[in-house]
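Novice: Okay, predicted coordinates and the sequence, questions at the end:
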Amino acid sequence: MASTSHDAAPQKKPVAIITIGMAGSGKTTFVQRINSYLHSKNPPSPPYILNLDPAVAQVPFDSNIDIRDTVNYQEVMKQYNLGPNGAILTALNLFTTKFDQVLGLVEKRAETVDYVIVDTPGQIEIFTWSASGAIITDAIASSIPTVIAYVIDTPRTTAPATFMSNMLYACSILYKTKLPFILVFNKTDVQPHDFAIEWMKDFEAFQEALATNNGTMDGDGESTYMHSLMHSMSMVLDEFYQNLTAVGVSSMTGDGVKEFFEAVEASRAEYEKDYLPELQRSREMREQALQEIKDDSVNRLMKDLELDKAKGGLRERWDPNEDDDEDDDSDMNIIDRVDDAWPGQYIDLTNSGKSMGSNWPRPA
Ligand SMILES: Nc1nc2c(ncn2[C@@H]2O[C@H](COP(=O)(O)OP(=O)(O)OP(=O)(O)O)[C@@H](O)[C@H]2O)c(=O)[nH]1
């Protein structure tokens, strides 16, 4: 039936912006800038902010959910005898076990916010190449429209080789997450990003830049290995650029932030048209695979029970309703800073397995 003007308009979901970038590229400053931009809109549209960096000393914005309220990164280092990166990863893993609660809080606010902003750990690979980073990204993306904002330190990307390494990294994240992707060329107050746009649009211009850089020829006038490699890779990247939106931003001055949000809105449409059906298809496949595993386990359990019966019955009857899960850690809750007073409830790693009744995974 055709919809009438009396039909309620479909409820617009907020867009999640997951901010990823190399250490020092300006992620936190960027999040602060887009946060203040949204606050200064008329009417103001304060975002819902998640800080997933356990090691950050200070954040210049008020985050609604902060990983530091749940996991004490310094304690993780001590208790697990880890270095800083291992501790950040372990803290993220611990936090991920509670991410269903985080999603619940985000969904509760979905009607009142337009944007959910996620700041990720400084060491990019901790988020992009860890299981917990993938779980968090998938969980958010299957709940609300999600875009990746890949923050690039523009002044440090002017050399063709550095530019290409950065683009290759972005390319790997795009293919891993399969989410709408915005390249945010940050720090344009120091270095305008025109050169990057030109290299992305004009293959020949990038080849020329490669050739004018030292080291393209060896002593015999042959193209060096590095040059040939970069030439081949830039051909691959040419295809990748077609799927990207690039904006130049200065998180310092606020230049380009409006254009960034225009790109985010365009990505929302892209998410709904291209990514959502794909996500749903992969979710169905995952569920089907899970169901098959469950069915197989039940079948094997039934066979075991048959065997047990034949041997004289079960010694102890298992009651599926009985809550005998020793790992029950439901008393640890993620807090929404708006609802609860800070400081929050740390996961007490010193008494893990005792006071909380949980057995956190310890490294072997
Ligand atoms: N000039 C200029 N400096 C910037 C800009 N954005 C960030 N910075 C500076 O870049 C440095 C790093 O910024 P952060 O926001 O801490 O970067 P980050 O990516 O969050 O850093 P990590 O948490 O270590 O990964 C700081 O000194 C910022 O002041 C910008 O747009 N222009």
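Specialist: Looks like it came in fine.

Novice: residues near the closest residue to the ligand within the stretch 51-200 of the chain, how many?
Specialist: Residue of the stretch 51-200 of the chain nearest the ligand, by CB to the nearest ligand atom: G122 (2.9 Å). The C-beta positions use only the backbone N, C-alpha and C, and glycine is treated the same way. The burial count assigned to G122 is 20, neighbours taken as other CB atoms under 10 Å.

Novice: List the residues that contact it.
Specialist: 23-24, 27, 53, 55-56 (CB atoms under 8 Å, 6 or more residues apart in numbering).

Novice: and which of those residues is nearest to D138?
Specialist: D53 (19.6 Å; CB to CB).

Novice: What about that closest one, how many residues nearby?
Specialist: Quick note: D53 (other CB under 10 Å) scores 24 neighbours.

Novice: so how far is T112 from it?
Specialist: According to CB to CB, to the nearest Å, D53 stands 25 Å off from T112.

Novice: Ok, V247 next?
Specialist: Taken as CB to CB, the span from V247 to T112 is 27 Å.

Novice: Which one of these two is surrounded by more residues?
Specialist: V247 (22 against 10).

Novice: Assign the residue nearest in space to the middle of the chain to helix, strand or coil.
Specialist: What sits nearest the mean C-alpha location of the chain, by CA atoms, centre = their mean, is T137, with 4.4 Å. What DSSP: H, G, I helix; E, B strand; the rest coil gives for T137 is helix.

Novice: That one - nearest residue in space that isn't next to it in sequence?
Specialist: T177 (5.6 Å; CB to CB, 6 or more residues apart in numbering).

Novice: And E270, by the same measure?
Specialist: E270 sits nearest to P180 (CB to CB, 6+ apart), 4.7 Å away.

Novice: right, and that neighbour touches Y275 too?
Specialist: Yes: using CB atoms under 8 Å, P180 is in contact with Y275, at 6.5 Å.

Novice: Pick out whichever of these two has more residues nearby.
Specialist: More crowded of P180 and Y275, by other CB under 10 Å: P180, with 27 against 19.

Novice: for the stretch 251-364 of the chain, which spans come out with low pLDDT?
Specialist: 311-333, 338-364 (pLDDT under 70).

Novice: ok, now with 90
Specialist: 267-290, 293-294, 297-364 (pLDDT under 90).

Novice: need the residues of it near the ligand, please.
Specialist: Within the stretch 251-364 of the chain, the residues that sit near the ligand (CB under 6 Å from any ligand atom) are 251-252.

Novice: residues of stretch 147-156 that come out buried?
Specialist: 147-154, 156 (16 or more other CB atoms under 10 Å).

Novice: Dump those to CSV, plus secondary structure.
Specialist: CSV is the format used below for the buried residues of stretch 147-156 (three-state DSSP):
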residue, secondary structure
V147, strand
I148, strand
A149, strand
Y150, strand
V151, strand
I152, strand
D153, strand
T154, helix
R156, helix
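
Novice: What about the ligand: which of the residues you listed touch it?
Specialist: Of the buried residues of stretch 147-156, not one also sits near the ligand (CB under 6 Å from any ligand atom).
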